[in-house]
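J.: when you get a sec, could you give me coordinates for this:
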Amino acid sequence: MDPGSIRFEDGQHEGIDVLVWVFLLARSAGPGGEVPVEMDLRPRDTSPEAESVQLAVLRSLSGAQKVKICFELSEACREYTRSGIRSRHPEYSEQQVEMALRRMTLGDDLFRKAWPCEPLLPP
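T.: Residues are numbered from 1 along each chain as shown. Here you go, the predicted model:
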């Protein structure tokens, strides 16, 4: 299920921002399953009523649907990061962009162990 394909019950919302989906997925376990932090994580531009609708939609998804959305969000985050690397380093080849992404994701030590011959390109 693509986050953009969800239609909210109020008929006014046809999609939702990726970051809000990450937040809502983390809270969609139901009562007692909220993110254990000491701050209000409710989006400031979302009314309590709209948040209730969003949470109800997410709670209605199967575990497989939630996992699929998480994988899609993860890939979207990697693609956004690749875009940032490309904009900062237009001279990089696609392989260099991928290596810079891997370095950012893994850190220098693990990157060095996995690809000892690759240069540490600035992301």
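J.: ok, longest helix in this protein?
T.: helix 63-88 (DSSP state H).
J.: where does L121 sit: helix, strand or coil?
T.: Following DSSP: H, G, I helix; E, B strand; the rest coil, we place L121 in the coil state.
J.: hmm, Y92 and it touching each other?
T.: Yes - counting by CB atoms under 8 Å, L121 sits close enough to Y92 to count as a contact (7.1 Å). C-beta here means a position set from N, CA and C on the backbone, and glycine is covered the same way.
J.: what is in contact with those two at once?
T.: Taking CB atoms under 8 Å, 6 or more residues apart in numbering as the criterion, L121 and Y92 both touch A100.
J.: quick check: L101 vs D108, distance?
T.: 14 Å (CB to CB, to the nearest Å).
J.: ditto for Q54
T.: Q54 is 39 Å from D108, by CB to CB.
J.: more neighbours: which of the two?
T.: Q54 (22 against 10; other CB atoms under 10 Å).
J.: show me what the strand or helix carrying that one packs onto, helices and strands only.
T.: Element membership of Q54 [criterion: DSSP states H and E] is helix 48-60. Contact here means 3 or more CB pairs under 8 Å, 6 or more residues apart in numbering; DSSP states H and E; on that basis helix 48-60 packs against helix 18-27.
J.: list the buried residues of stretch 52-69.
T.: Buried residues in stretch 52-69, counted by 16 or more other CB atoms under 10 Å: 53-55, 57-58, 61, 66, 69.
J.: oh sorry, the question was meant for stretch 79-87
T.: Within stretch 79-87, judged by 16+ other CB under 10 Å, the buried ones are 81-82, 85.
J.: any weak-confidence spans in the chain?
T.: The chain contains residues with pLDDT under 70 at 1-42.
J.: and it, what are its domain boundaries?
T.: Following automatic domain parsing, one gets these domains for the chain: 3-73, 89-123.
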